[in-house]
Every structure is written in C-alpha cells, then in structure tokens.
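Novice: Turn this into a model:
(one chain, ligands or ions: 1)
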Amino acid sequence: MTSNVKSKSTAVTRDYGKRNVIVTGSSRGIGKAIALRLAEDGFDVCVNDVAANQAGIDETVKEIQALGRNSYGHVADVSKLSEVEKLIAAAVENLGPLNVMIANAGIAQVKALLDLSEDDVRRMFEVNVFGVFNCYSAAAKQMIKQGGGGKLIGCASIVAFKPFALLSHYSASKFAVRGFTQAFAMEMAEHKITVNGYAPGIVGTAMWDLIDEELGKKSGAKKGDTVEKYSRELTALGRVSVPEDVSKTVSYLASPDSDFMTGQTLVIDGGIVFN
Ligand code: NAD
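Specialist: The predicted structure is shown next:
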C-alpha cells in the first residue's frame, strides 16, 4: 500500500495529486472563500456566478491564478439545467476531469409567510433547490462517465435544522437541499461518489446585508448591526462568522479525509440557539 503523506524532517504535507472543482456562486462571499481555500489545498478551480457578477468572477480567477493554480471563470445560472451542463462541459474542457462539485450558489429573502407570493416561493426553489439538483445530477453523470468516484457537496443552512421567522421559503428550500443530499448519497454510493452538505449560520456576506434591513426593522437594530446583534445574542461562541469559518469545513468535505462520510450535512454556526 502506498501512502500520500510525505515527511520532510519535521514538516508533514499531504499530496492528493491534481484535482478539479467547480464552485457555484463563487464571485464573492462564502463561495469565493471556498474557491480560494480549495486552490490552497491544490485544486484547479472553475469559478461560476451569474452574468451580473462577471467582475467578481474575473477577480476570483486572478486571485486563484496568483496562488499558482489553474482557474477558469464561467457564467451560468444554476437554476437552468442546460446552463449547468454547459458549465460542467467547459470546466472539463479547460481543467480536466471533474472531481468535486460544490453547489454553493443561493439566494435569500426575508418576508412574512402571509406576504409571500407564488413567484417569491417559485424563484427561491428554482435557485436553491433546482440549482442544487441540477449541479448534483449533471455532475454525477459526468463523474460516472469518467468511471465513477467524486464528491458532490451542497450548501444548506442552519435554517434547514432550525427554522427562523420571516425566512420560511428560504428555510424550506434549505430543508430540501438536506433531503437531496441524503437521498443522492444513497443512490451515488455504487458509483463511489459521496454526497455531503454544509450548513452555515450567520455569516457576514452580501446575503446578510440583504437580510439585515428587514430584520433590523423588526428588532430595532441599526442598519448594518443585525449581524453583530444576532451573532452575539444567538450563538454560543458569540462572534460574527466569516466565510473562512465555512471554507475550512468545505475543505475537509472536499478532501479524502472525509471519504467514509456520505449523506451528512455539517453545521458551522458557532452554536446557534433560536428561541
Ligand atoms: P452571497 O449573496 O454573497 O453569494 C451567493 C452567490 O451566489 C452570489 O455571488 C450570487 O450572485 C450567486 N448566485 C445567486 N443565484 C445564482 C444563480 N442562479 N446561478 C449562479 N449563481 C448564483 O451570499 P453567501 O452568504 O456567500 O451565500 C452562499 C451560500 O451560503 C448560499 O447558498 C446561502 O444560502 C448560504 N448561506 C449563507 C448564510 C449567511 O449568513 N450568509 C447562512 C447560511 C447559508
């Protein structure tokens, strides 16, 4: 049996060889932190986002290349299967076989259940649920075509475990991501593909800026203060989470260290207690 652990005097490094990953919604926020962390881990990275975030895609690609890894940017709306299929084909053409797919892209909306329109709910599910389904399904087909093996990783949320007032359709969409993750894991095992998820808590990103305004109205917090307020009041660790708190966990899920784990969604929330 060969070992991939190399020891040079006191330093120990792990070399898992060339691996390629797609990270959706990685022009900014948690997705960008994941893309950069996986580049540090040795992955070549396909950066994806919607067309409006082209500048962020280009910047992330540049930062990954500066780390000495190959990177490639591709605009695609994950809610459309045909665009996800093109994303995967382009990533394979530019980087090589797909080893890991990270379905990170998502949207949020703060609205009372009784105010929600059918369109609000439909759009939430198109991006958060169909987006993950499209990525899992199309990436699995590519991995099977390559001979099997690989990792599918999807982004849920703490509200997939503990629903939060005013985020009902977001919460329901993230429960569905957990469900797909568990179910796909059972069906993909025969192809040596594992399927796991990650569930961030309250993370200071552009998404939280959007949530901030509406929650602030309810709680009386000043604009920009809710991330501090909620992190302090609702988490055991009492500080605002940064994207890098999440990317460390995703690094583990993308690495061979998690090879015997499938169907799980790991919570990274600093110990949240919703009342
Ligand atoms: P963000 O808004 O900064 O990043 C999300 C990215 O996804 C954006 O760049 C956006 O353009 C992209 N995106 C949205 N719709 C897309 C589509 N149809 N196709 C391709 N890309 C699309 O937010 P973030 O906080 O970095 O969120 C990343 C993930 O983490 C999301 O799935 C979100 O639901 C989840 N999450 C965030 C928090 C938080 O507190 N910020 C908590 C729990 C879970």
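Novice: Please report the confidence value the model assigns to Gly31.
Specialist: Listed pLDDT for Gly31 reads 98.
Novice: I'd say it and Arg37 touch.
Specialist: No - counting by CB atoms under 8 Å, no contact exists between Gly31 and Arg37, whose distance comes to 10.7 Å. Every C-beta, even on glycine, is put in place using the N, C-alpha and C of the backbone.
Novice: For these two, work out which one has more neighbours and name it.
Specialist: Using other CB atoms under 10 Å as the criterion, Gly31 and Arg37 rank with Gly31 on top: 29 against 21.
Novice: does that one sit in a helix, a strand or a coil?
Specialist: With DSSP: H, G, I helix; E, B strand; the rest coil as the basis, Gly31 sits in helix.
Novice: Val61 now?
Specialist: For Val61, the secondary-structure state derived from three-state DSSP is helix.
Novice: can you offset everything so residue one is 32?
Specialist: Taking 32 as the first residue, the last one we looked at is Val92.
Novice: thought it was touching Val106?
Specialist: No - under the contact definition of CB under 8 Å, Val92 does not touch Val106, with a separation of 11.9 Å.
Novice: Between these two, which has more neighbouring residues?
Specialist: The residue with more neighbours, out of Val92 and Val106 and counting by other CB under 10 Å, is Val92; that gives 21 against 18.
Novice: ok, that one - contacts?
Specialist: For Val92, the contacting residues are Val78, Ser102, Tyr103, Gly104, by CB atoms under 8 Å, 6 or more residues apart in numbering.
Novice: In strands only, show me these.
Specialist: Those of these mapping onto strands are Val78, Ser102, Tyr103, Gly104, per DSSP state E.
Novice: For the residues you listed, pick the one with the most neighbours.
Specialist: Each of the ones in strands among the contacts of Val92 was scored for neighbours by other CB under 10 Å, and Val78 scores highest at 32 neighbours.
Novice: what's near enough to touch that residue?
Specialist: Val54, Ser57, Ser58, Ala66, Ile88, Thr91, Val92, Ile95, Ser102, Tyr103, Gly104, His105.
Novice: if we take those residues, which one ends up nearest to Met292?
Specialist: Nearest to Met292, judged by CB to CB, of the contacts of Val78 is Val54 at 19.6 Å.
Novice: Spatially central residue in this structure, please.
Specialist: Nearest to the mean C-alpha position of the chain, by CA atoms, centre = their mean, lies Asn135 at 2.7 Å.
Novice: Apart from its neighbours in sequence, what residue is nearest that residue?
Specialist: For Asn135, the nearest residue in space outside its immediate sequence neighbours is Gly62; the separation is 4.3 Å by CB to CB, 6 or more residues apart in numbering.
Novice: quick one: contacts for the one you found?
Specialist: Under the criterion of CB under 8 Å, 6+ apart, the neighbours of Gly62 are Val54, Thr55, Gly56, Asp80, Ile133, Asn135, Ala136.
Novice: at 10 Å instead, please
Specialist: Listed by CB atoms under 10 Å, 6 or more residues apart in numbering, the contact set of Gly62 reads 54-56, 78-80, 87, 91, 133-137, 186, 236, 274, 277-278, 281.
Novice: For Asp80, see how far away Glu71 is.
Specialist: Here Glu71 is placed at a distance of 20 Å from Asp80 (CB to CB, to the nearest Å).
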